[in-house]
Every structure is written in structure tokens, then in C-alpha cells.
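fold the following.
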Amino acid sequence: MKAYGVAEAGAAGWALLLVAPFIGSFLGLIIRRLPDGLPIAFARSVCEECGVKLKTRDLVPVLSWLWQKGRCRYCGHPLGWFYPGVELAAVAVALSAVLVDGGEGAWLDCLLGWWLLTLGWIDLRRWLLPDVLTLPLVLAGLSAAAALDPSGLTQRALGAALGYMSLAAVAALYRKLRGREGLGRGDAKLLAASGAWVGAAALPQVILVAALSALFAAAGLRLIGFRLGARSAMPFGPFLALATWAVWLAGPSGSIG
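Prediction:
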């Protein structure tokens with residue numbers, strides 16, 4: 001894995017960095033609206049407090065929020081950190097991709113990273129990994145392999161199958177032993193998508209990184225005062241998404257073709 005500086009990224013890298021906050025703004029709409037079945041592409045943005053339709057000047061990623069001091073221009077209601085948070089996270093994805101793969105190679109990294117960001121954030125907010133996002137991500141990973149690395153397609157297809165079956169089996173065993181849900185089928189489908197992108201051989205790394213990051217998150221919550229008991233739960237999707245992204249960038253999978 002070769003590391004690049006931002007100055008070495010060229011026009012393609014700078015274009016990704018410039019478009020990233022606008023992508024993040026769109027991802028924020030998906031995260032907020034998709035779980036409730038609300039329209040995304042053609043619906044006007046409105047203030048959720050006063051219902052006023054927002055103008056273009058109100059929708060410039062991050063900058064509008066800063067200019068308006070985090071409040072609605074029309075009613076003064078606090079807007080919260082959600083949209084600027086997603087926008088900055090999308091920029092972080094693009095910056096990571098550019099630094100790892102350079103401008104020309106980062107487009108595929110960003111596609112995967114932004115997709116995983118959306119899924120992880122939805123699961124964190126709603127305990128939901130929608131099929132409309134997980135299943136196309138499986139197909140996208142296999143399509144990328146077929147187009148850019150045909151010799152690795154078998155490994156990716158095997159990874160998708162093993163990813164789904166392994167977590168589905170763990171979920172079924174947990175349900176049988178504990179009498180309640182521990183992992184959802186959405187997690188299994190997300191691991192299938194992970195396998196389709198990183199291949200079967202990298203799946204143990206994904207599961208290890210996801211498990212360790214979940215443990216660190218649980219330890220962090222305890223340190224700041226959250227009481228976690230035997231029946232406490234956290235969504236696993238964000239950790240699977242983070243682990244998939246990390247393994248993709250760190251390994252040879254991140255440079256398909």
C-alpha cells in the first residue's frame with residue numbers, strides 16, 4: 001500500500017475532496033429519510049421545526065451551518081450536528097482514500113466508503129440495515145471485481161456467501177441458546193457485502209477488527225458513565241462498516257486492478 005500526499009493527488013483527488021461535502025449532504029438525506037420511506041431525490045429540504053422550504057444559500061455543506069451558527073435562519077431553532085457531522089465524515093472518507101490510493105485510484109474507495117458510512121449511520125440511529133442498500137452493495141462489489149479484477153471474482157463471490165452464512169449461523173445459534181435476537185439478518189447481509197469487496201481470505205480480519213472496535217466502544221461507554229449489563233446491546237453494523245473500510249484500504253483489495 002503506497003501512501004500519497006494531498007499535493008500528489010492531482011485534479012482527480014482535489015475534485016473528490018471538493019465534491020465530498022455535497023455527497024455527505026445527500027447521504028444525510030438518505031440516512032434521515034430512507035428508514036421512514038420518505039422521498040429523497042426530488043423532495044425540497046425544509047426546516048424540521050418550522051417547515052419553511054430552505055433556499056440554496058441555506059444548504060451549502062458545513063458553511064451554511066457555520067454562518068447561521070447552527071440555527072435555522074427563519075425560526076432560530078437549533079439544527080444540531082447531524083448534517084455537518086455527516087458532511088465532515090464524507091470529507092474524511094475522501095481524504096483517507098486520496099491519501100491511500102491517490103486521486104485516480106480513490107474513486108472506488110470513496111464509493112465503498114460513502115456507502116458504508118450511510119449504512120453504519122442508519123444502523124447507529126435506527127438499528128436497521130436496509131436491504132435496499134446492503135444487497136446492491138454486494139452486487140457492486142462483485143461487479144467491481146468482474147470489471148477490474150476478473151481473476152479475483154471467485155474469491156469475492158465466495159466471500160459474499162461465507163460472510164452471509166457465518167453471521168446468519170451465529171445469529172441462529174445465539175437465538176437458540178439465549179432465546180432472543182443477538183445479530184440481525186442485516187448484519188449478515190452487510191458481512192456478505194464486505195466479503196464481496198474484500199474477498200473470503202480477508203473476512204477473518206474484518207470480523208476481528210469489528211469485534212475489537214465494538215469492545216473498545218463498549219469500554220469507552222463504561223468509562224463515560226453508561227451502565228452496560230448482560231442484556232445491553234449495541235448495533236454491530238457501524239463496526240462492520242468501519243472494519244470493512246479499514247481492511248479494504250489496508251489490504252490489496254483496496255487497489256483492484
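
per-residue pLDDT, the nearest residue to residue 19 once chain neighbours are set aside?
Nearest residue to residue 19, sequence neighbours excluded (CB to CB, 6 or more residues apart in numbering): residue 94, at 7.9 Å. C-beta here means a position set from N, CA and C on the backbone, and glycine is covered the same way. With respect to pLDDT, residue 94 has a value of 95.

next: the one 3 residues further on.
Residue-level confidence at residue 97 comes out at 93, pLDDT.

start to end distance for stretch 68-87?
End-to-end distance for stretch 68-87: 16 Å, by CA to CA, to the nearest Å.

correct me, but the residue nearest to residue 19 touches residue 15?
No: with contact defined as CB atoms under 8 Å, residue 94 and residue 15 do not form a contacting pair (9.6 Å).

ok so, going back, now the residue nearest to residue 19: how far from residue 24?
Separation of residue 94 from residue 24 (CB to CB, to the nearest Å) stands at 9 Å.

for the helix or strand hosting residue 65, which outside residues touch it?
Using DSSP states H and E, residue 65 falls within helix 63-67. The contact list for helix 63-67, computed with CB atoms under 8 Å, 6 or more residues apart in numbering, reads 57, 58, 79, 83, 84.

turn the residues you listed into CSV, including distance to residue 212.
Below are those laid out as CSV (distance: CB to CB, whole Å):
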residue, distance to residue 212
57, 44
58, 41
79, 34
83, 30
84, 29
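
domains of this structure?
For the chain, automatic domain parsing gives the domain ranges 1-111, 129-257.

out of the ones you listed, nearest to residue 120?
Nearest to residue 120, of all the domains of the chain, is domain 129-257, at 3.6 Å by CB to CB.

what about that closest one, average pLDDT?
Mean per-residue pLDDT for domain 129-257: 88.

repeat that for stretch 16-32.
Average pLDDT, stretch 16-32: 95.

more crowded one of residue 94 and residue 15?
A count of neighbours by other CB atoms under 10 Å puts residue 94 above the other of residue 94 and residue 15, at 27 against 16.

who are the neighbours in contact with the residue nearest to residue 19?
Contacts for residue 94 (CB under 8 Å, 6+ apart) come out as 16, 17, 19, 20, 23, 106, 110, 113.

kindly write the ChimeraX command that selects the buried subset of the residues you listed.
In ChimeraX, this line selects whichever of the contacts of residue 94 come out buried by 16 or more other CB atoms under 10 Å:
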select :16,17,20,23,106,110,113
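
tell me which of the contacts of residue 94 fall in helices.
Judged by DSSP state H, those include 16, 17, 19, 20, 23, 106, 110, 113 as members of helices.

which residue comes closest to the fourth one once chain neighbours are left out?
In space, and not counting its chain neighbours, residue 20 is closest to residue 94: 3.8 Å by CB to CB, 6+ apart.

could I get the full set of helices for the stretch 151-257 of the chain?
For the stretch 151-257 of the chain, applying DSSP state H, counting those that start in this stretch gives helices covering 153-178, 185-198, 203-223, 237-250.

point out the most buried one among these.
The highest average neighbour count among the helices of the stretch 151-257 of the chain, using mean count of other CB atoms under 10 Å, belongs to helix 185-198 at a mean of 27.

which secondary structure elements does that one contact?
helix 82-126, helix 131-148, helix 153-178, helix 203-223, helix 237-250 (3 or more CB pairs under 8 Å, 6 or more residues apart in numbering; DSSP states H and E).
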